[in-house]
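[1] Just a sequence and a predicted model for now, questions to come.
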Amino acid sequence: MKIAPDVNLSPEQQWLARLARPDTHIRVRLDGFPGFYPTDERWNIRFAGLGVHLLHFIVEGRIQCRVRDERFSLTGPGFVCLAPGVPLHYTGASRVLTMYRFRLEITRRGKRLDCPREYLRREPAPGLHTYMERLVETAEHPERLADWRARGLVLALFAEALSDDAAPRPGEGQALDRHRLREVTTHFHRHHRDWPAPADLARQVHLSPDYFTRLFRAATGLSPRTWMTRERIRLAALQLVESNRNVSEVAEDFGYQNVFFFSQQFKAVMRLSPTTYQRQRRAE
């Protein structure tokens, strides 16, 4: 039986309802890039109209966007998601720019299921960092239930982002709210080559190391040390793809004195050796 659309729902809400159906398939693609990475104001990107949804989530910083003849700025935390076929030109507009970038292939019964708007934009969009982390994991390590996970994450992401009356998340305004978490992650990305310890991150938010570790794990699902290892490897992976450096040079640049140890950590995070990862991504 075909169910008529609810006229009380907006086009975006009707689209979300269709995304929730079991015959909708969502594939998350990173196209060889770590989903999370920092850059600066020199970043200048043009995307022609693509056949997939293009999602950018700004964690920190600001970008200047142009969608056809419309121009706007986007400040983190915030996101813009473009429907298939919609071109985008953006440039960095702040000294530090940290963002996630994904391509979302959304189909239902073999046909594309496009967002009813040319683009969705939301700022501020606090509390969505965890969804982005899980999307990265889903894209990097696809498994039998990846499609279900992607659907749930995309639904949660857009449902919260489109909700104007979303209540604050538990823990916001507490000891490690989103602002303090941003201070910690920013400090790491600026000093990751110095290999900061968890105690160094704790000092940035004036907490004891033990208490900070408990709060950080509750906020991210990872211990500070595990999180730093993953972030360091993702940044190294970006250099392997986008620079002319070899594995040994990248390992040394990121403070690894032993290239074998770097390769071990890289494979544990990315599921490929750095040499294989570099060769495959450069060939794409």
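    That came through, no problem.
[2] So what are the sheet partners of the helix or strand hosting residue 56 and their directions?
    Taking DSSP states H and E as the criterion, residue 56 maps to strand 53-60. When pairing is defined by DSSP bridges, strand 53-60 lines up against strand 78-82 (antiparallel), strand 97-108 (antiparallel).
[3] Residues in contact with it: which ones?
    For strand 53-60, the external contacting residues (C-beta atoms under 8 Å, 6 or more residues apart in numbering) are 36, 47, 63, 74-84, 86, 88, 90, 96-106, 114-115, 123, 125, 128-129, 132, 182, 185-186. All C-beta spots, glycine's among them, are computed from the backbone N, C-alpha and C.
[4] Check stretch 101-114 too.
    Under C-beta under 8 Å, 6+ apart, the answer for stretch 101-114 is 15, 18-19, 21, 23-31, 33, 35, 50-57, 81, 83-84, 135, 139, 150, 154.
[5] Which ones among these lie within strands?
    Counting by DSSP state E, the contacts of stretch 101-114 place 24, 25, 26, 27, 28, 29, 53, 54, 55, 56, 57, 81 in strands.
[6] could you pull out the helices for the stretch 151-284 of the chain?
    Taking DSSP state H, counting those that start in this stretch as the criterion, the stretch 151-284 of the chain carries its helices at 178-191, 198-204, 209-220, 224-242, 247-253, 259-270, 274-283.
[7] for the ones you listed, which one sits closest to residue 68?
    For those, distance to residue 68 was read as C-beta to C-beta. The smallest value, 28.4 Å, belongs to helix 224-242.
[8] Quick one, grab the pLDDT at residue 94.
    Note on residue 94: pLDDT of 78.
[9] surely it meets residue 62?
    Yes. Proximity of residue 94 to residue 62 meets the contact threshold set by C-beta atoms under 8 Å, at 4.5 Å.
[10] which regions of the stretch 151-284 of the chain sit below the pLDDT cut-off?
    160-176, 284 (pLDDT under 70).
[11] Go again with 80.
    Within the stretch 151-284 of the chain, the segments meeting pLDDT under 80 span 151, 156-179, 282-284.
[12] just to revisit the earlier point, please list only the buried members of the contacts of strand 53-60.
    36, 63, 74, 76-84, 86, 88, 90, 96-106, 115, 123, 125, 128-129, 132, 182, 185-186 (16 or more other C-beta atoms under 10 Å).
[13] related to what we said a few turns ago, please convert the buried members of the contacts of stretch 101-114 into PyMOL selection syntax.
    The following PyMOL line selects those of the contacts of stretch 101-114 that are buried, judged by 16+ other C-beta under 10 Å:
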select buried, resi 15+19+24+25+26+27+28+30+33+35+52+53+54+55+56+57+81+83+84+135+139+150+154
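[14] circling back: dump the strands paired with strand 53-60 into CSV; add mean pLDDT and distance to residue 11 as well.
    Shown next, in CSV, are the strands paired with strand 53-60 (pLDDT from 0 to 100; distance: least, C-beta to C-beta, whole Å):
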stretch, mean pLDDT, distance to residue 11
strand 78-82, 84, 14
strand 97-108, 85, 15
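[15] Please produce JSON lines containing these, extended by distance to residue 266.
    Output for these, formatted as JSON lines (distance: least, C-beta to C-beta, whole Å):
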{"stretch": "strand 78-82", "distance to residue 266": "29"}
{"stretch": "strand 97-108", "distance to residue 266": "20"}
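[16] between the ones you listed, which one is nearest to residue 67?
    Of all the strands paired with strand 53-60, strand 78-82 comes closest under C-beta to C-beta, at 6.9 Å.
[17] Please put the alpha-carbon coordinates of the strand holding residue 56 into CSV.
    C-alpha atoms of strand 53-60 as CSV (Å, rounded to 0.1, in the frame of the first residue of the first chain):
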residue,chain,number,x,y,z
HIS,A,53,25.4,14.7,-1.9
LEU,A,54,28.4,16.7,-0.7
LEU,A,55,28.7,17.3,3.0
HIS,A,56,31.1,19.7,4.7
PHE,A,57,31.0,20.1,8.5
ILE,A,58,33.1,23.0,9.9
VAL,A,59,34.4,22.2,13.3
GLU,A,60,36.5,25.3,13.8
